[in-house]
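J.: Dropping the sequence and predicted coords here.
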Amino acid sequence: DAGVIQSPRHEVTEMGQEVTLRCKPISGHDYLFWYRQTMMRGLELLIYFNNNVPIDDSGMPEDRFSAKMPNASFSTLKIQPSEPRDSAVYFCASSFSPGQGSSGANVLTFGAGSRLTVL
Amino acid sequence: GDSVTQMEGPVTLSEEAFLTINCTYTATGYPSLFWYVQYPGEGLQLLLKATKADDKGSNKGFEATYRKETTSFHLEKGSVQVSDSAVYFCALSRYSSASKIIFGSGTRLSIRP
């Protein structure tokens, strides 16, 4: 498996523009997480899905942020409109639940991240 | 609620020095404990884990022992290398819930040649 694949790796956009970040989780993983990392706030969980269903979006900062998972192999995080304070590295991670086996359960596999700069 | 506290960084050491990064947790019951490492420009990756009290996780010369009595999971390495320079995150989760993964704030480690 190629691991968790994120795109784009880098995105520079202007304030007010729509930004879409993409993620392909590891095949067979039933949990998908979106995190945001900044120097000031560290690593923040934004939202997570289980079997493609959003379970907890309480970390999503505001209505400008939305996330979807239309199928088991694809998820998007959208920001519309974007603002300079959204500049951060956004990580996608996936894992499988304890019911699928004990040795690797609850272990997150992270993508390389998408670095977003909003001017 | 569950929480993880790890020592503030940055930590700067000379090559071949002994490393300890402290991590303590607050949780009821018996969570699983993890150390993740983030190298520059990359995502976090699992370094080691322990799933029950007195377990020792180890990988790449790093070790950490699950201490229930002191609610700690300190990361140690006997002789660090420049390539160990990274940010280290302590984390916990509950076996019964893949979703509740709590991360510490991270400790930046820099190794001087």
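T.: Thanks, I have it. Numbers count the residues shown, from 1 in each chain, chains lettered A, B, ... in the order given.

J.: The residue in chain A that chain B sits nearest to: what's it in contact with?
T.: Closest approach of chain A to chain B (C-beta to the nearest C-beta) occurs at residue A:110, with a separation of 3.2 Å. (C-beta placed from N, C-alpha, C; glycine too.) By C-beta atoms under 8 Å, 6 or more residues apart in numbering or on different chains, the contact set of residue A:110 is A:4, A:35, A:91, A:92, A:93, B:43, B:44, B:45.

J.: can you check residue B:85 too?
T.: Contacts of residue B:85 by C-beta under 8 Å, 6+ apart are B:40, B:109, B:110, B:111.

J.: one step back: bridged to the residue of chain A closest to chain B, which residues?
T.: residue A:93 (DSSP bridges).

J.: same question, residue A:33
T.: Beta bridges link residue A:33 to residue A:48, residue A:93, judged by DSSP bridges.

J.: Pick out the residue nearest the middle of chain B.
T.: In chain B, the residue lying closest to the centroid (C-alpha atoms, centre = their mean) is residue B:35, at 3.3 Å.

J.: pretty sure that residue contacts residue B:49?
T.: Yes. With contact defined as C-beta atoms under 8 Å, residue B:35 counts as touching residue B:49 (7.5 Å).

J.: In chain B, which residue sits closest to chain A?
T.: Counting by C-beta to the nearest C-beta, chain B gets nearest chain A through residue B:43, at 3.2 Å.

J.: Quick check: nearest residue in space to that residue, chain neighbours excluded?
T.: Leaving aside its sequence neighbours, residue B:43 sits nearest to residue A:110 (C-beta to C-beta, 6 or more residues apart in numbering or on different chains; 3.2 Å).

J.: Kindly report the same for residue A:5.
T.: Excluding the flanking residues, the one nearest residue A:5 by C-beta to C-beta, 6+ apart is residue A:24, at 4.2 Å.

J.: Kindly report the same for residue A:108.
T.: In space, residue A:108 is closest to residue A:93, 4.3 Å off (C-beta to C-beta, 6+ apart).

J.: One more: residue B:44?
T.: Distances taken as C-beta to C-beta, 6+ apart place residue B:36 nearest to residue B:44, at 4.3 Å, with adjacent residues excluded.

J.: Likewise for residue B:55?
T.: Using C-beta to C-beta, 6+ apart and skipping the chain neighbours, the partner closest in space to residue B:55 is residue B:66 (4.8 Å).

J.: Quick check: the residue nearest to residue A:108 touching residue A:109?
T.: Yes. Between residue A:93 and residue A:109 there is a contact at 6.2 Å, judged by C-beta under 8 Å.

J.: Please enumerate the shared neighbours of these two.
T.: Between them, residue A:93 and residue A:109 share these contacting residues under C-beta under 8 Å, 6+ apart: residue A:4.
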